[in-house]
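Colleague: Predicted structure and sequence below. I'll ask about it afterward.
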Amino acid sequence: MTAMPLTQRPASALSRFLHRHEAWRGWLLLAPAFCLMLVAILFQLGSTLAMSTWSLDGYSVDRTPTLGNYSAMLGQPMFSALIGRSLVVATFATVVTVALCYPMAYFVAFHVHRHKALWLILLTLPFWTSYLLRVFAWKVVLGYEGVLNTALIGLGIVQEPLAALLYSQTAVTLVLAHSWAAFAILPTYVSLEKIDRSCIEAAADLGDGPMRRFWRITFPLSLPGVVAAFFMMFGPMDNWPAGATLSVVMIVTIGLAGLAFLAVGRLVGR
Amino acid sequence: MARYTGFHRPNRPLALYAGAFAVFLYLPILFIPLFSFNAGVYVKFPLEGFTLAWYADLFQREPLQRAFWNSVQVAAVVSISSTVLAVPAAMAIARYRMPGKRAAVSFIMLPLVLPGLILGVALLTLLNGLGVRLSLVTVALGHMVICLPYAISVLLPRFIGFSRSLEEASADLCESTWWTFLRVTLPCNMPGVLACLLMTFTISFDEFFMAFFLSGTEPTLPMDIWSQLRFPQDFPSLLALSTLILVTSFLMVFASLKLGRIGLVQAKEVR
């Protein structure tokens, strides 16, 4: 057997440079995705921000920056009422969802031993399917002549269909909780799963009962995940259409809420 | 590893709760297929008899089929292009130490927490400002922005778990960087790439908000459904259509999540 000549092709200057500098290699690979996001997010938010300071002069756009739109918005009590209500609904829905999802994540992390992956898939599967169809499904269930109302009448529990089922705060909370359950379950599950089991064993050895073990070990250690769940949930919760100024205000509101959660997360993580 | 078994006792109430939770998660969605086979026009109990008429009705609808093909085209382009962008990005994130990585990664992942509505409105103002005409291309662009973070998070665990010794072996045998990627890295991570393709296809196919703002005269399928929701007589065939979409998406996402896990456990041990 003859030995194959192992010859390296001469490398170009660029590839030699990239071979030596790991960071540049990484950035080069990351660049396409990063540039898309740069254009799609930073550039567009910038243009939205700029546009929110323009004003309409008859039919043409006056591009001298003013804060007119913002003061007009603040002047209208409806906007602050809407923002306030959105914040209230979002907070309420987030708390409800995280509270409902925590036991579920706990169950999968501590009590499912076989088919753990299957459970996780089962819990996140609805999340990946159309948002529109999930909301549509709730309309079928909660509608005036929907499943729940006709069933209640059929069973003789109520005489008239309940109009309050759909288009109410409760319905919004319910549907939001249903839609974003996966966002709440996954981070909580991850931090529960990461908890060192020996801590709980130690607590058991030292005579703590199941409840005390949970409240003194498991729950505090899972808090980072809970905070992450809050953060993930709160972001997508605000939903109402309007123009550039409104988007800026919404983004700022969401950003502030996000920062608040991050700050809480830091405190808890310590 | 010796384990204290005290907390491995089955917890009846918690198991019951888990069951109830699963029912809450799936029950409303299950009413859609149930009523799509119902002979009555109105969605209410009692059921009026079995029929496949609503499914047959779907084949009579010209605009709906156009919208379907639009959606398929957009989803195909989006899934391929976002996967092509996500593979190098995930590789970079998994392997290289570079300054500013954390900030860059959280920036790329931003669309996960920004509502689709805001992204849609903002992208619309940008495209308007640039004078771009709205079409399926702009919808695809918007969907790429949404899909990219998901694509990266599907691929990332694979590349983190992927042992580099195979690549080093290939390089030692004088294979060039490109051929190493094509003949070693890509085939080894094929389950992840396929999972990523399926996932992004489904997300794009089902996406509504971006399409709502960014589509021109050509609607995608969710847009068509949205515009049909107003007509009560069309409701049952919408249910039939939704059933088909739900079943397909469920199968695709299930396949994707399963594929994404193939070989992951081994990979963890190697690391």
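Modeller: Thanks, I have it. Numbering: from 1, shown residues only, chains lettered A, B, ... in the order given.

Colleague: Report how many residues lie close to the residue in chain A that chain B sits nearest to.
Modeller: Of all residues in chain A, residue A:26 sits closest to chain B, at 3.0 Å by C-beta to the nearest C-beta. All C-beta spots, glycine's among them, are computed from the backbone N, C-alpha and C. Neighbours of residue A:26 under the rule other C-beta atoms under 10 Å in any protein chain shown: 24.

Colleague: cool, and residue B:22?
Modeller: Neighbourhood size, residue B:22 [other C-beta under 10 Å]: 14.

Colleague: any idea how far it lies from residue A:186?
Modeller: To residue A:186, residue B:22 is 16 Å away according to C-beta to C-beta, to the nearest Å.

Colleague: Show the low-confidence segments of the stretch 151-271 of chain B, by residue range.
Modeller: Scanning the stretch 151-271 of chain B with the threshold set as pLDDT under 70 gives B:263-271.

Colleague: for chain A, what are the nearby residues on it?
Modeller: B:152, B:174, B:176-177, B:199, B:202-203, B:206-209, B:222, B:225-226, B:229, B:238-239, B:242, B:245-246, B:249-250, B:253-254, B:257-258, B:261 (C-beta under 8 Å from any C-beta of the partner chain).

Colleague: For the stretch 101-250 of chain A, just list every one of the helices.
Modeller: Ranges of helices within the stretch 101-250 of chain A are A:116-128, A:131-142, A:147-154, A:169-179, A:181-194, A:197-205, A:210-213, A:219-234, A:244-269, based on DSSP state H, counting those that start in this stretch.

Colleague: Revised request: answer the last question for chain B.
Modeller: B:12-36, B:53-58, B:62-95, B:101-108, B:116-130, B:136-161, B:165-172, B:177-180, B:186-188, B:190-206, B:209-214, B:221-228, B:235-261, B:264-270 (DSSP state H).

Colleague: Residue A:191: which of those helices is closest?
Modeller: Residue A:191 sits nearest to helix B:136-161 of all those, at 16.8 Å, using C-beta to C-beta.

Colleague: How about the contacts made by the nearest residue in space to residue B:73 that is not next to it in sequence?
Modeller: Using C-beta to C-beta, 6 or more residues apart in numbering or on different chains and skipping residues adjacent in sequence, the residue nearest residue B:73 is residue B:136, 6.6 Å away. By C-beta atoms under 8 Å, 6 or more residues apart in numbering or on different chains, the contact set of residue B:136 is B:70, B:73-74, B:215-216, B:218, B:220.

Colleague: do the same with residue B:41
Modeller: Counting by C-beta under 8 Å, 6+ apart, residue B:41 has contacts B:232-233, B:235-236.

Colleague: And it, how far from residue A:152?
Modeller: 21 Å.

Colleague: repeat for residue A:183
Modeller: Separation of residue A:183 from residue A:152 (C-beta to C-beta): 31 Å.

Colleague: Going by mean pLDDT, which of the helices of the stretch 101-250 of chain A comes out lowest?
Modeller: Mean pLDDT values for these show the minimum at helix A:244-269, a mean of 62.

Colleague: quick revisit: model confidence score at the residue nearest to residue B:73, please.
Modeller: Reading off the model, residue B:136 has pLDDT 88.

Colleague: for the stretch 1-150 of chain A, what spans make up the strands?
Modeller: Taking DSSP state E, counting those that start in this stretch as the criterion, the stretch 1-150 of chain A carries its strands at A:55-57, A:60-62.

Colleague: separation between residue B:197 and residue B:83?
Modeller: According to C-beta to C-beta, residue B:197 stands 5 Å off from residue B:83.

Colleague: Show me which of these two is the more surrounded one.
Modeller: More neighbours surround residue B:83 than the other of residue B:197 and residue B:83, with 26 against 20 (other C-beta under 10 Å).
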